[in-house]
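Asks: Let's see this in three dimensions:
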Amino acid sequence: MGVGKTTIGSLVAQKLDRAFIDIDEEIEKQYNMSINEIFAAHGEKAFREIEKQTIRSFCEQPLKVISLGGGAFMQPEVREICLANCFVIYLEMSWEEWKERLDLLIDTRPVLRGKDLKEIEELFYKRQEAYAINHSTLTVGSKSAEEAADDIIESVKLSEDLR
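Replies: Numbering: from 1, shown residues only. Purely as a prediction, here's the structure:
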């Protein structure tokens, strides 16, 4: 969450001439509601089910660059779907770097609302465990979106060469 998945993913898609799919945006279009409104109206459990079905649908389509919401990969079934059908890249950022972005995230991320810094840090590290299960990790750090996109493309090319 807040690491630049949408920005970087759309650049990768553009450079590879592929469609870019932001799962949260697709859900918002489908339900004509923001993620915050879906959480408020239906709760997190219902949202996660909607999210899982949307992810399944797009993961089964070839040649797409897909960006998942930060909590999606916490669902074991979503991880299995993604790992079986896609090349999963984890955009890694340290707690210290990510914490600096918190002010930009707090209002738009329903899972952060009402949590203190300690609870948010616990959520950050809990998610790291799930995110560690991937095909490739890219440490974003201070890289520009352009640099990160180029690194991802090289990683994808390398993985295809190794097959």
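Asks: which non-adjacent residue is nearest Val65?
Replies: Once flanking residues are discounted, Val65 sits nearest to Ala13: 3.9 Å by C-beta to C-beta, 6 or more residues apart in numbering. Every residue, glycine included, has its C-beta placed from N, CA and C.
Asks: ok, the one you found - how many residues close by?
Replies: 19 (other C-beta atoms under 10 Å).
Asks: ok, now Glu44?
Replies: Residues near Glu44, counting by other C-beta under 10 Å: 13.
Asks: For it, which three-state class applies?
Replies: Classification of Glu44 using DSSP: H, G, I helix; E, B strand; the rest coil returns helix.
Asks: Can you verify my assumption that it contacts Val111?
Replies: Yes: at 7.4 Å, Glu44 counts as touching Val111 under the criterion of C-beta atoms under 8 Å.
Asks: Which residues does the helix or strand harbouring Ile120 contact?
Replies: Secondary structure from DSSP states H and E places Ile120 in helix 117-131. For helix 117-131, the surrounding residues in contact (C-beta atoms under 8 Å, 6 or more residues apart in numbering) are 1, 70-71, 73-74, 79, 90, 92, 95, 98-99, 102, 111-112, 115.
Asks: center of the protein, which residue is that?
Replies: Leu68 (3.4 Å; C-alpha atoms, centre = their mean).
Asks: Check the spacing between Val3 and Trp95 real quick.
Replies: 12 Å (C-beta to C-beta, to the nearest Å).
Asks: So between those two, which is more surrounded?
Replies: Each of Val3 and Trp95 has its neighbours counted (other C-beta under 10 Å); Val3 has more, 19 against 12.
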